[in-house]
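> The following block contains a protein sequence and its predicted model.
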Amino acid sequence: MINKLHWLPVGQLDIDRSSLNHHAQPGELVRLQIWSYLLETDHGPILIDTGMPDSFIDNPDYFKSTPFEGRFIPRMTADDSIVAVLDRIGYQPDDIHAIVISHMHMDHAGGNPHFPNTPIYVQQTEVDAAIGNLEYAPPEFSQYIHNINNDKCCSLLFFSSH
């Protein structure tokens, strides 16, 4: 049973509107709040998404000299790190019972390395799309993923949008 839901703000991302809407003209940036969620359950806390990677902290030029320059600009401070956000509500990484990653983009799976002892679940279709595809997810995130299809604890539903 879910006893409580926490909305966790884990930074912001300026993103080219055309990345969100293929009908939009490139060049207009919009700022998105990035969220993770913590479910307090009878079995222990479950984290939904881990936010952005620490390499984004105070580094709006992260994508400089890459194909993503000017299309993605991270807005993140140390206070936005998933570890800092969890600490503010009384949790540490080892307190987390399980993690579900909605998809493997950097703004959803970037904090995975903070949870080496926690099972992290993602749909097999996401794993297949992300592994080896540097335009989708950096390779270091894939080493922290456990295949949900091999675990009978829960079912994840597939949705084809962001």
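Nice, thanks for sending it over.
> and the gap between the residue nearest the centre of the chain and E28?
Taking Cα atoms, centre = their mean, the centroid of the chain lies closest to H108, which sits 1.3 Å from it. For H108, the distance to E28 equals 23 Å [Cβ to Cβ, to the nearest Å]. Heads up, the C-betas are built off the backbone N, CA and C, glycines and all.
> residue contacts, P26?
P26 is in contact with D16, R17, S18, R71, counting by Cβ atoms under 8 Å, 6 or more residues apart in numbering.
> Point me to the residue sitting farthest from the middle of the chain.
Q25 (26.3 Å).
> Near the residue lying closest to S55 once chain neighbours are set aside, how many other residues are there?
Once flanking residues are discounted, S55 sits nearest to Y62: 6.4 Å by Cβ to Cβ, 6 or more residues apart in numbering. Look at Y62: counted by other Cβ atoms under 10 Å, it has 19 neighbours.
> Next one, pLDDT for Y62 please.
Y62 carries a pLDDT value of 91.
> For it, which residues are in contact?
S55, F56, P74.
> Tell me where the chain has helices.
Along the chain, the stretches classed as helices by DSSP state H are 17-20, 82-88, 106-109, 124-130, 139-142.
> For I34, find the nearest of the ones you listed.
Nearest to I34 among those is helix 106-109 (4.9 Å), distances taken as Cβ to Cβ.
> Let's see that closest one as CSV, backbone CA atoms only.
What follows is helix 106-109, C-alpha atoms only, in CSV (Å, rounded to 0.1, in the frame of the first residue of the first chain):
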residue,chain,number,x,y,z
MET,A,106,19.8,11.7,-18.5
ASP,A,107,17.2,13.8,-16.7
HIS,A,108,15.4,10.6,-15.4
ALA,A,109,18.3,8.1,-14.8
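> Any buried residues in that helix, and which?
M106, D107, H108, A109 (16 or more other Cβ atoms under 10 Å).
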